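Engineer: just the structure for this:
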Amino acid sequence: MEVYHLQKVKDIIEGGEERYLSVYNALKAAGACDYIYIHDGARPFVDQEMLQRLKEAVCTYGACVAAVPSKDTLKLADEALFAKETLKRSEVWNIQTPQVFAYPDILGAYEKMMQEDHTKMGITDDAMVLEKMEGQKVKLVEGSYYNIKITTPEDLDIAEIFVKKCNLQEN
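Structural biologist: Now for the predicted structure:
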């Protein structure tokens with residue numbers, strides 16, 4: 001790490017073939033702590049206020065995720081791609097990272113999952129591991145619509161606008 005002049009990084013952990021396997025490797029390497037923040041590097045616009053809201057929520061509920069209410073109408077599709085159900089928008093939230101957990105709870109859930117056939121579970125985020133393996137509820141905490149996930153070229157265009165806006169506000 002000295003080569004890269006990293007001062008806040010404790011260790012660099014090898015990733016896995018799937019995101020959840022990378023997280024499991026990191027959880028094992030983290031060592032005992034009270035709480036752990038799991039963040040996706042594809043979301044570069046996390047702010048201090050969001051981190052504070054998550055900290056307060058995890059201390060109360062033991063598990064929480066950043067999230068924003070869906071702005072879109074969402075429909076479930078059948079196998080032939082016909083809409084079969086419209087979801088109630090007031091109940092639909094877009095989940096983000098960071099996701100924050102009591103460390104022993106999330107580590108235990110991951111260890112339990114690894115003892116089962118996790119390849120067929122369709123795990124898409126860390127909260128899902130806790131929900132499926134332990135039946136624990138996860139609190140939704142106000143995230144930010146700026147906290148976008150950059151995965152497509154269009155996302156980069158949007159991120160560039162956000163960066164310009166932030167730079168203007170700082171000057």
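Engineer: with Lys55 as the reference, measure out to the residue lying closest to Ala30 once chain neighbours are set aside.
Structural biologist: Excluding its sequence neighbours, the residue lying closest to Ala30 (Cβ to Cβ, 6 or more residues apart in numbering) is Ile36, at 6.0 Å. Placement of C-beta: from N, CA and C, glycine included. Using Cβ to Cβ, to the nearest Å, one gets 12 Å for the distance from Ile36 to Lys55.
Engineer: and the residue nearest to Ala30, that one's in a helix?
Structural biologist: No. Counting by DSSP: H, G, I helix; E, B strand; the rest coil, Ile36 falls outside a helix, being strand.
Engineer: list the contacts of it.
Structural biologist: Leu27, Ala30, Val100, Phe101, Tyr103, Ile106 (Cβ atoms under 8 Å, 6 or more residues apart in numbering).
Engineer: for the fifth one, which residues are in contact?
Structural biologist: Pointing back at Tyr103 there. Contacts of Tyr103 were listed using Cβ under 8 Å, 6+ apart, and they are Leu27, Ala30, Ala32, Cys33, Asp34, Tyr35, Ile36.
Engineer: which of these count as buried?
Structural biologist: Buried members of those, scored by 16 or more other Cβ atoms under 10 Å, are Leu27, Ala30, Tyr35, Ile36.
Engineer: among those residues, which two are most distant?
Structural biologist: For these, the maximum inter-member distance is 12.2 Å, found between Leu27 and Tyr35 (Cβ to Cβ).
Engineer: helices of the protein, start to end?
Structural biologist: Ranges of helices in the chain, per DSSP state H, are 19-30, 48-61, 103-114, 126-134, 153-170.
Engineer: what's the most buried one of those helices?
Structural biologist: helix 126-134 (a mean of 21; mean count of other Cβ atoms under 10 Å).
Engineer: quick one: contacts of the lengthiest strand in the chain?
Structural biologist: In the chain, with assignment by DSSP state E, the single longest strand is strand 93-102. Strand 93-102 has contacts (Cβ under 8 Å, 6+ apart) with 34-40, 43, 46, 50-51, 54-55, 57-58, 62-70, 125-127, 130, 138, 140, 143-144, 147, 149.
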